[in-house]
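[1] Give the three-dimensional model of this entry:
(one chain, ligands or ions: 3)
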Amino acid sequence: MAATVSLHPLLDQGLPKGRAGFSGSILVCACADKPVKVKVEGDVAHNHACGCTKCWKPSGATFSVVAVVPHDKITVLENGDKLEIVDKSALIQRHACTGCGVHMYGPVEREHPFQGLDFIHPERFEDDGWAPPGFAAFVSSIIESGTNPDDMPAIRARLSELGLTPSDCLNSALMDYIATWTAKKSGVLKS
Ligand SMILES: N[C@@H](CCC(=O)N[C@@H](CS)C(=O)NCC(=O)O)C(=O)O
Ligand SMILES: [Zn+2]
Ligand SMILES: [Zn+2]
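    Ligands and ions are numbered 1, 2, ... in the order given. A predicted model of the protein is given here:
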């Protein structure tokens, strides 16, 4: 039998369970001393596994687990002075803790279909019950962080087994959303 494919500590044992009525929680970084705390009101949307090299992952994980929330639902509660933007030229302004490296929130500020949304990692919530991941994005990108290309069929099969349909960009719903925004902006599609 093939060795069990490891994706992420939270996904390897089956997907985490969501809870109807989850109304938000507090994201806490991994620092033992003076952790950064960020309050998020309401549940996350479009939660997914991301294979890109830029999203934060816990050590040993191949994928990140990342979701979005509206920017106005985010409040930095404690130790925000430890945060620094990883790459100011990136679309997603990932605010990382300089102590432990965890990305706490990543707003999209420039004109883009995702403008006004923040990317967050719900596994850093103090509480369970957030909407679980529903698909896998940027799967081919895991090769860029060292995955052997020969392992890709087994990894895609495991993602599919978990119900995380693999894609090498975003899922169809989000790609359609982006294309619709672009078509309206250019005037091809009348709003
Ligand atoms: N193959 C690239 C893909 C990077 C990428 O495009 N990531 C997506 C998913 S998070 C994105 O939207 N990035 C925008 C950004 O990093 O600001 C990599 O792995 O570094
Ligand atoms: Zn930290
Ligand atoms: Zn990513």
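
[2] And the longest helix seen in the chain, what's buried?
    When the chain is parsed with DSSP state H, its longest helix is helix 172-186. Across helix 172-186, burial judged by 16 or more other C-beta atoms under 10 Å covers L174, W181. No exception for glycine: its C-beta is placed from N, CA and C like everyone else's.

[3] Give me the helices and strands touching that helix, please.
    Helices and strands touching helix 172-186, by 3 or more C-beta pairs under 8 Å, 6 or more residues apart in numbering; DSSP states H and E: there are none.

[4] near ligand 2, which residues of this protein?
    Residues of the chain found near ligand 2 (C-beta under 5 Å from the ion) are C29, C31, C97, G99, C100.

[5] how close does K190 sit to W181?
    14 Å (C-beta to C-beta, to the nearest Å).

[6] And for S191?
    To W181, S191 is 10 Å away according to C-beta to C-beta.

[7] Among the residues of the chain next to ligand 2, name the buried ones.
    The neighbour count (16+ other C-beta under 10 Å) marks C29, C31, C97, G99 as buried among the residues of the chain next to ligand 2.

[8] between these, which is nearest ligand 1?
    C97 (17.9 Å; C-beta to the nearest ligand atom).
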